[in-house]
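Undergrad: kindly return the folded structure for what I paste below:
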Amino acid sequence: MQKIKDWILKKLFKVSNQSVNLLDLLEANALYNEEISIDPAKLHFKFQEFNAYLIFAVLCAIVLVPLILLTHSGFQIVDFHFSIISAIGVTAAIFIFFDMFKIYARKSMTKKLIKKAWNEHFPCFEYEKYSKLLEEIYHKLPKHMISKPNLESYVLEQIIQNEQKE
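TA: Just a heads-up that it's a prediction; the model follows:
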């Protein structure tokens with residue numbers, strides 16, 4: 001199942017080979033933890049709309065064709081108004097699920113790219129353990145007026161100080 005998910009994400013998004021800079025990683029991590037949508041440019045990826053429509057159409061066909069085959073004979077017997085009402089309901093569900101599909105795909109790709117950038121910048125620290133701590137550090141940055149060249153050393157010092165407190 002994971003292979004299918006990875007293949008779908010690969011087809012849905014175009015990802016740049018450029019590495020994510022530290023400040024963008026900190027911002028993306030904080031926004032992701034707060035469940036706020038992240039600008040794809042921060043993580044260097046782009047959503048491919050046409051591929052999303054194609055993949056979603058295939059997924060809909062996989063679900064709807066068997067459903068239609070099962071319910072077709074029942075709808076032949078009942079009044080045609082039920083068929084019309086159910087067609088309206090299914091159409092509405094398709095549009096709603098497409099939006100949910102796009103949101104889920106974007107969240108999945110965002111998390112995947114944050115973890116990839118995390119491994120580049122913080123290979124010695126586990127994402128799951130330190131992501132909330134880095135969110136707190138990111139929110140303190142404006143108070144301390146840290147310059148970009150000193151940012152990485154400041155963040156690492158804050159992580160180590162927090163580890164020593166625990």
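
Undergrad: name the helix or strand for Ile114, please.
TA: Counting by DSSP states H and E, the element that carries Ile114 is helix 80-121.

Undergrad: distance check, the spatially most central residue of the chain against Phe13.
TA: Centroid-nearest residue in the chain: Lys107, 1.2 Å away (criterion: Cα atoms, centre = their mean). Taking Cβ to Cβ, to the nearest Å as the measure, Lys107 and Phe13 are separated by 12 Å. The way it works is simple: take the backbone N, C-alpha and C, and place the C-beta from them, glycine included.

Undergrad: tell me the contacts of Leu134?
TA: Residues counted as contacts of Leu134 (Cβ atoms under 8 Å, 6 or more residues apart in numbering) are 26, 29-30, 155, 159.

Undergrad: need the contact list for the residue in the chain sticking out farthest from the centre.
TA: Distance from the centre of the chain peaks at Ile77, with 44.0 Å (Cα atoms, centre = their mean). Listed by Cβ under 8 Å, 6+ apart, the contact set of Ile77 is empty.

Undergrad: please apply the same query to Phe122.
TA: Contacts of Phe122 were listed using Cβ under 8 Å, 6+ apart, and they are 130, 159.

Undergrad: contacting residues around the helix or strand where Ile8 lies?
TA: Using DSSP H and E, Ile8 falls within helix 2-12. Applying Cβ under 8 Å, 6+ apart, the contact partners of helix 2-12 are 47-48, 51-52, 55, 105, 108-109, 112.

Undergrad: flag the shaky bits of this protein, pLDDT-wise.
TA: For the chain, the stretches with pLDDT under 70 are 166.

Undergrad: mind redoing it with 90?
TA: For the chain, the stretches with pLDDT under 90 are 1-2, 21-23, 68, 71-84, 86-87, 122-125, 129-131, 133, 135-166.

Undergrad: distance check, Ile84 against Glu136.
TA: Separation of Ile84 from Glu136 (Cβ to Cβ): 55 Å.

Undergrad: let me redo that: Tyr154
TA: Counting by Cβ to Cβ, the gap from Tyr154 to Glu136 is 13 Å.

Undergrad: which of the two has more neighbours?
TA: For Tyr154 versus Glu136, neighbours defined as other Cβ atoms under 10 Å are more numerous around Tyr154 (15 against 12).

Undergrad: that's a helix at that one, yeah?
TA: Yes - using DSSP: H, G, I helix; E, B strand; the rest coil, the assignment for Tyr154 is a helix.
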